Each structure stands twice: as C-alpha cells, then as structure tokens.
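S.K.: here is a sequence together with a model predicted from it:
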Amino acid sequence: MALKLTLKPGEKLYVGTGMIYCDADAIYNLFIDGALPIVREKDYLDQAHADTSSRQIYLAIQQAYLENNFDAHRESYFRLTGMIIAELPGAMPHVAEINKAIGQGKLYNALKAARKLVQFEDGLLPEGQRSSHWQGFTA
C-alpha cells in the first residue's frame with residue numbers, strides 16, 4: 001500500500017538524498033510506493049541550524065537515515081554523543097534509546113528518539129538561549 005502525503009504550496013519533502021518541492025497553487029497529494037527514507041520539511045534540520053549538541057546529533061542521524069548509511073556518520077555520531085553525555089548526564093536515557101534503535105538498524109526510530117533528545121536539551125536552556133532558527137517538532 002502506498003504512503004499518501006499531502007503537500008501544501010511551497011512545502012518541501014526530503015526523500016533520500018533528494019528533495020521534492022510543491023510548486024502547485026493548491027494542496028497536492030503525493031503517493032509513494034516502496035521503502036524510501038522520507039523527512040518532512042518541518043522535521044528537516046540543515047547544517048546551519050544545528051547549533052546545539054543535540055541538534056548536531058539529530059543532524060548526523062538524519063543524514064544517516066536519508067543516505068541509508070549510518071557507517072558514514074558513525075564517528076561523528078559517537079563523538080557527539082560522548083560530548084553531550086559529558087555536558088548533560090541527564091541525556092543518557094535519550095542517547096541509550098537512540099543507540100538501541102541504531103543497533104536494531106532502525107534509523108527512522110533513532111531519528112524520532114533524537115527528536116526527544118533535542119526537546120530535552122531545549123527544555124534545559126534558558127528562554128533567551130533556545131534556538132530560534134529551527135522550529136522543528138511543532139506539530
């Protein structure tokens with residue numbers, strides 16, 4: 001059964017290493033058949049907005065998921081997780097959840113767990129220090 005996605009005018013969808021852009025004036029229904037890595041624009045983090053340790057981890061997992069190649073990001077991921085655990089020991093349960101998903105080869109689940117890590121770290125930052133650039137995870 002195909003996955004049905006609804007794109008609003010101007011909305012982007014990242015599929016693998018490519019991007020689909022809705023250039024229509026109305027809502028567009030897109031049907032995807034097959035096992036493709038997909039990240040909606042609202043959940044996509046670009047390099048310029050990976051401005052905290054947890055967001056850098058999210059970015060590494062996002063790229064590994066979209067490229068279907070964790071090995072290419074393994075060194076960066078483990079360096080970053082070591083740093084965040086040293087900075088924020090309370091992040092350990094989130095990192096453990098991410099590691100479990102990675103160990104099972106479930107990179108999409110690892111990405112969802114990384115979302116929780118970002119939310120955890122954002123919750124610890126004072127209001128003025130929270131990232132205003134990337135507002136993922138709003139819905």
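M.R.: The structure has been received and is ready for your questions. Residues are numbered from 1 along each chain as shown.
S.K.: flag the shaky bits of the protein, pLDDT-wise.
M.R.: Judged by pLDDT under 70, the chain has its weakly predicted residues at 125-139.
S.K.: tell me the residue furthest from the middle of it?
M.R.: Largest separation from the mean C-alpha position in the chain: residue 25, at 27.9 Å (Cα atoms, centre = their mean).
S.K.: separation between the nearest residue to that residue once chain neighbours are set aside and residue 24?
M.R.: Counting by Cβ to Cβ, 6 or more residues apart in numbering, residue 9 is the residue found nearest to residue 25 once chain neighbours are left out, at 5.9 Å. For every residue, glycine as well, the C-beta is placed using N, CA and C. Separation of residue 9 from residue 24 (Cβ to Cβ, to the nearest Å): 6 Å.
S.K.: next one: residue 94
M.R.: From residue 94 to residue 24 the distance is 38 Å (Cβ to Cβ).
S.K.: then residue 122?
M.R.: 34 Å.
S.K.: and those two? Which one has more around it.
M.R.: The neighbour count for residue 122 versus residue 24, taken as other Cβ atoms under 10 Å, is higher for residue 122 (15 against 12).
S.K.: any idea which helix or strand carries that one?
M.R.: According to DSSP states H and E, residue 122 maps onto helix 107-124.
S.K.: and that helix, what does it pack onto?
M.R.: Using 3 or more Cβ pairs under 8 Å, 6 or more residues apart in numbering; DSSP states H and E, the elements in contact with helix 107-124 are helix 53-67, helix 92-103.
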